[in-house]
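[1] Show me the folded form of this:
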Amino acid sequence: MKALPLTAPIGTPAMYKSSATLVRWLAQKYNIPLDRNHIIGHDNAPTPTQDRLAAQHWDPGPFWNWGHYMDLVRGNVAAAEVPAIAPANATIITIDPKFNSNKMSLQDCSSTPGTCTTLPNQGTSIIYLHTAPNQNSPLLNDRTLHPNGDPGTMEVSDWSASASAGEQYVVADHQGNWLAIWFGGQKGWFFNPANKPVAYYSTAPTITPKAGQASIPVYGRPVPEASAYPSGVTPLQVVPLNYTIPAGQAYTALGGLSNDYYYDLTVNYSAPHDHEIFVGKTKYYQIMYNHRLAYVMASDVAAHNL
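    Below you'll find the model as predicted:
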């Protein structure tokens with residue numbers, strides 16, 4: 001398939017409409033909530049293991065109009081927003097840049113190694129997160145994409161420091177027109193003036209490390225414990241990603257998840273226990289960790305409103 005050009009908005013009206021119609025039908029059939037915690041892009045999908053994380057897909061990317069798409073998914077009924085001015089007890093924000101006015105000139109470095117092209121200034125669904133409440137401060141680093149410690153970039157495929165429309169995060173700090181959220185184990189700052197906000201205050205369940213823990217691990221998938229597997233089947237190893245949540249940080253979460261593993265060894269069902277589902281007892285929570293979803297063990301965290 002020929003890649004869509006990055007010099008024009010991604011997707012035609014017919015594409016948006018047909019995709020949204022299908023998603024709405026599936027959501028109704030399987031009782032899936034019509035929000036961005038459940039309707040996600042490939043760029044939000046968690047990765048099972050650390051070795052696959054850097055190569056994860058980043059589509060539909062920053063030029064996908066999530067606000068318009070979700071309106072279509074809901075049947076052209078926009079989700080209710082609340083004022084950008086924080087109430088006294090506000091702790092959660094939903095990212096909400098206005099696509100047509102949130103224009104940026106991003107970089108495309110995929111065509112020729114070592115060469116980047118500046119793309120046309122155009123609408124985007126993302127905001128960038130800085131290390132300090134200053135437009136000239138570096139973008140946040142992602143230790144997987146930039147293991148040498150370099151800051152994230154405005155390259156179109158670099159999701160190190162970008163938060164996308166509809167994603168929810170916990171407020172970490174506030175300074176003037178700048179707001180900080182907990183993002184990937186760090187404090188990420190973005191400009192959010194009252195007269196042109198790019199986020200609104202909302203509500204969501206949250207998790208934070210249990211008292212007494214300096215940090216907790218983050219996982220790419222909820223893996224059953226070894227006792228969940230029958231004799232003769234090698235259990236999956238429960239290995240965390242190269243990320244943590246330090247004490248004092250908090251992240252939005254979904255309800256407790258059971259964990260299971262679909263054992264798919266052959267195509268012809270010839271191996272013992274082939275194509276069986278092994279269900280574990282270890283409870284996990286799915287969280288919005290950075291630009292991607294991730295998991296934490298329920299035993300590691302204190303949960304609020306879950």
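[2] tell me, how many neighbours does residue 94 end up with?
    Look at residue 94: counted by other CB atoms under 10 Å, it has 21 neighbours. Placement of C-beta: from N, CA and C, glycine included.
[3] taking the mean pLDDT, what do you get for the longest helix along the chain?
    Using DSSP state H, we find that the single longest helix of the chain is helix 13-30. On average, the pLDDT along helix 13-30 is 95.
[4] May I have that helix exported as PDB, CA atoms only?
    What follows is helix 13-30, C-alpha atoms only, in PDB (Å, rounded to 0.1, in the frame of the first residue of the first chain):
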ATOM      1  CA  PRO A  13     -14.200  12.800   4.400                       C
ATOM      2  CA  ALA A  14     -15.400   9.400   3.100                       C
ATOM      3  CA  MET A  15     -12.600   7.700   5.000                       C
ATOM      4  CA  TYR A  16     -13.400   9.400   8.300                       C
ATOM      5  CA  LYS A  17     -17.200   8.700   7.800                       C
ATOM      6  CA  SER A  18     -16.800   5.000   6.900                       C
ATOM      7  CA  SER A  19     -14.300   4.300   9.600                       C
ATOM      8  CA  ALA A  20     -16.400   6.000  12.300                       C
ATOM      9  CA  THR A  21     -19.500   4.200  11.200                       C
ATOM     10  CA  LEU A  22     -17.800   0.900  11.500                       C
ATOM     11  CA  VAL A  23     -16.300   1.800  14.900                       C
ATOM     12  CA  ARG A  24     -19.700   3.000  16.200                       C
ATOM     13  CA  TRP A  25     -21.400  -0.300  15.100                       C
ATOM     14  CA  LEU A  26     -18.700  -2.400  16.800                       C
ATOM     15  CA  ALA A  27     -18.800  -0.300  20.000                       C
ATOM     16  CA  GLN A  28     -22.600  -0.800  20.200                       C
ATOM     17  CA  LYS A  29     -22.300  -4.500  19.500                       C
ATOM     18  CA  TYR A  30     -19.600  -5.100  22.200                       C
END
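[5] May I ask you to confirm that residue 94 is in contact with residue 163?
    No - Residue 94 lies out of contact with residue 163 (CB atoms under 8 Å); the separation is 10.0 Å.
[6] re the thing from before, elements contacting the very next helix or strand once past the longest helix of the chain?
    As assigned by DSSP states H and E, the chain's next helix or strand after helix 13-30 is helix 66-73. Helix 66-73 is packed against helix 13-30, with contacts defined by 3 or more CB pairs under 8 Å, 6 or more residues apart in numbering; DSSP states H and E.
[7] Can you name the residues in contact with the helix it packs on?
    32, 33, 34, 38, 39, 65, 68, 69, 72, 73, 74, 75 (CB atoms under 8 Å, 6 or more residues apart in numbering).
[8] swap the cut-off to 6 Å and go again
    Helix 13-30 is contacted by residues 34, 69, 72, 73 when judged by CB atoms under 6 Å, 6 or more residues apart in numbering.
[9] Spatially nearest residue to the last one, not counting backbone neighbours?
    I take that to be residue 73. residue 20 (4.6 Å; CB to CB, 6 or more residues apart in numbering).
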